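this is a predicted model, with the sequence first.
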Amino acid sequence: MSAARPVLILTHRFDPTADKVVEELNNRGVPVFRLDTSEFPERLSVGAELANDHWSGQLRTTQRCLDLSAVSGIYYRRPANFAFHPDLSENERRWSAGEARLGFGGLLAALEPWLNHPHRIGYAEYKPAQLSAAVASGLLVPRTLVTNDPDRARAFVADVGLAVCKAFSGSGVYYDEGFRQVFCSLVGPEQCDDPRISRTMHLFQAWVPKDYDVRLTVVDGQFFAARIDGTSEAAHRDWRSDYSALSYQAVPTPTFVRSRVTALLDRLGLRFGALDFVVAPDGEWWFLECNPNGQWAWIEDETGMPIASAIADALEGGSKRG
Amino acid sequence: MYPELSERPKGVGVFPSSDHFPLGRPYGRVDAAPGPASPFRPFGLTLAVPPRTNVRFNPDSLGYDEVRQIGLIRDGTAMVPLSRHTDGATNTQTNADGQGGPDSDTDHRED
């Protein structure tokens, strides 16, 4: 019988990134309780009692039982919405969802230690919050404007010379002609005369001359930096827009970047981060964004850097931070 | 004293409690039915383009290993681990989708 403490992984069933961590833990003989929150309440039984300053109890499915007080780490990936009995009315389902979120979600949130805690993920997803935290941590951040005012946008773009407009999130829109996504787009002052800037918030940022991009994955103080070179114009502007035109190479993380990124993640309360940098021709690393629940498995595939192993270490080790 | 509203406001607040425990869609579902592009759409959406690579798993080809707790995908007549499946171009469908958080599909490459 394994003496290792169990790891709880919250994600849906078809998440190949989480699979890599599950397989790593399986190979180590660490018990894994993989749970999709969509199994609650119809296929998951929950019972926990307040025992002094912590919750003691179990999660039970038809396959497994998890002792909540034994957990060594919780990995928050891509859990899906709760799935209620199909005969509930819409109003009843909405009420039940609120209760489940505050009750079951609240119970999980009270556990520790997380990689990353969902509250921390939620906060760090706000780009304005992470950009100011990055500056406070000593990182270089391009001049940035967030606005729904076309006049402010035009003045900013004219002032910085070359600017990009990008979205606050990675989500897109389903139009009749297909899925559409907003990547980083170069914009000129004349485009900012568009009154549709007023229709929601927009993010404008000075374009930083680029030698190459870096996706830096950090897990509990372990740094995995991948240089990304885009060979198409679209990929050079925003590597997410053209994966077929990218090459990858593991590179060292400069000491000054390590210390500042560590400070940033501490400020945001994150143990894991997938950070994007532009490296300028003079060697400076410019911070673009931190993805608190970002993807990393394809970086491991492309470079061989052992990120899944580092995440398994973190989940087994159970850092103090929640 | 404030009057009672006959109908509660719809939508979510600026900082919804869902941000504290973000949950996504079941795999393969999308939030909304497609619709036409409005002439009034925000400027940002006028810059939107089709993703160059947007691989989707066919749900009918997927399975799950209850013992190993990993996803599987059909490869010919065999079911193989999803994380080791190659699509010939980018090796796995595990690229960057984190920015959309748990509300994004794993096979979208969004951040």
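Perfect, I can see it now. Note that the coordinates shown come from a computational prediction; the quantities given were computed from them, not determined experimentally.

what segments of the stretch 51-200 of chain A are strands?
Taking DSSP state E, counting those that start in this stretch as the test, the strands found in the stretch 51-200 of chain A are A:54-60, A:65-67, A:73-76, A:114-115, A:144-147, A:163-166, A:172-175, A:178-181, A:185-187.

just the ones you listed: most buried one?
Highest mean neighbour count among the strands of the stretch 51-200 of chain A (mean count of other Cβ atoms under 10 Å in any protein chain shown): strand A:114-115, with a mean of 26. Backbone N, C-alpha and C define where each C-beta goes, glycine included.

any part of that strand near chain B?
No: for strand A:114-115, no contact with chain B is found by Cβ under 8 Å from any Cβ of the partner chain; the gap never falls below 11.6 Å.

list the neighbouring strands of that strand plus their orientation.
Counting by DSSP bridges, the strands paired with strand A:114-115 are strand A:73-76 (parallel).

can I get the strands of the stretch 51-200 of chain A in TSV including distance to A:Leu108 and mean pLDDT?
Shown next, in TSV, are the strands of the stretch 51-200 of chain A (distance: least, Cβ to Cβ, whole Å; pLDDT from 0 to 100):
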stretch	distance to A:Leu108	mean pLDDT
strand A:54-60	9	97
strand A:65-67	11	97
strand A:73-76	7	97
strand A:114-115	9	96
strand A:144-147	32	98
strand A:163-166	32	96
strand A:172-175	29	91
strand A:178-181	31	91
strand A:185-187	38	95
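
could those go into JSON lines alongside distance to A:Ala310?
Listed next are these as JSON lines, based on distance: least, Cβ to Cβ, whole Å:
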{"stretch": "strand A:54-60", "distance to A:Ala310": "26"}
{"stretch": "strand A:65-67", "distance to A:Ala310": "23"}
{"stretch": "strand A:73-76", "distance to A:Ala310": "12"}
{"stretch": "strand A:114-115", "distance to A:Ala310": "10"}
{"stretch": "strand A:144-147", "distance to A:Ala310": "31"}
{"stretch": "strand A:163-166", "distance to A:Ala310": "29"}
{"stretch": "strand A:172-175", "distance to A:Ala310": "30"}
{"stretch": "strand A:178-181", "distance to A:Ala310": "30"}
{"stretch": "strand A:185-187", "distance to A:Ala310": "34"}
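
the closest residue to A:Asp220 other than its chain neighbours: how many residues sit nearby?
Closest residue to A:Asp220 apart from its sequence neighbours, by Cβ to Cβ, 6 or more residues apart in numbering or on different chains: A:Ala314 at 4.3 Å. Residues within reach of A:Ala314, counting by other Cβ atoms under 10 Å in any protein chain shown, total 23.

where along chain A do the helices fall?
A:16-28, A:90-100, A:106-110, A:118-124, A:127-136, A:150-160, A:233-237, A:255-268, A:297-303, A:307-317 (DSSP state H).

what helices or strands is the fifth one leaning on?
Same thing as helix A:127-136. Secondary-structure packing of helix A:127-136 (3 or more Cβ pairs under 8 Å, 6 or more residues apart in numbering or on different chains; DSSP states H and E): strand A:144-147, helix A:255-268, strand A:285-291.

so where is chain A shaky, pLDDT-wise?
Across chain A, the ranges flagged by pLDDT under 70 are A:1-2, A:318-322.

next, A:Asn116: phi, psi?
Per-residue torsions, A:Asn116: phi -90, psi 160 (degrees, to the nearest 10).

and it, how close does it get to A:Arg77?
From A:Asn116 across to A:Arg77, the span is 10 Å (Cβ to Cβ, to the nearest Å).

quickly list what's touching both of the two.
Common contact partners of A:Asn116 and A:Arg77 (Cβ atoms under 8 Å, 6 or more residues apart in numbering or on different chains): A:Asn293.

the two: which is more packed in?
A:Asn116 (24 against 21).

who are the contact partners of the more buried one?
A:Tyr76, A:Ala124, A:Gly269, A:Leu270, A:Arg271, A:Phe272, A:Pro292, A:Asn293.

separation between the last one and chain B?
A:Asn293 sits at a distance of 5 Å from chain B (criterion: Cβ to the nearest Cβ, to the nearest Å).
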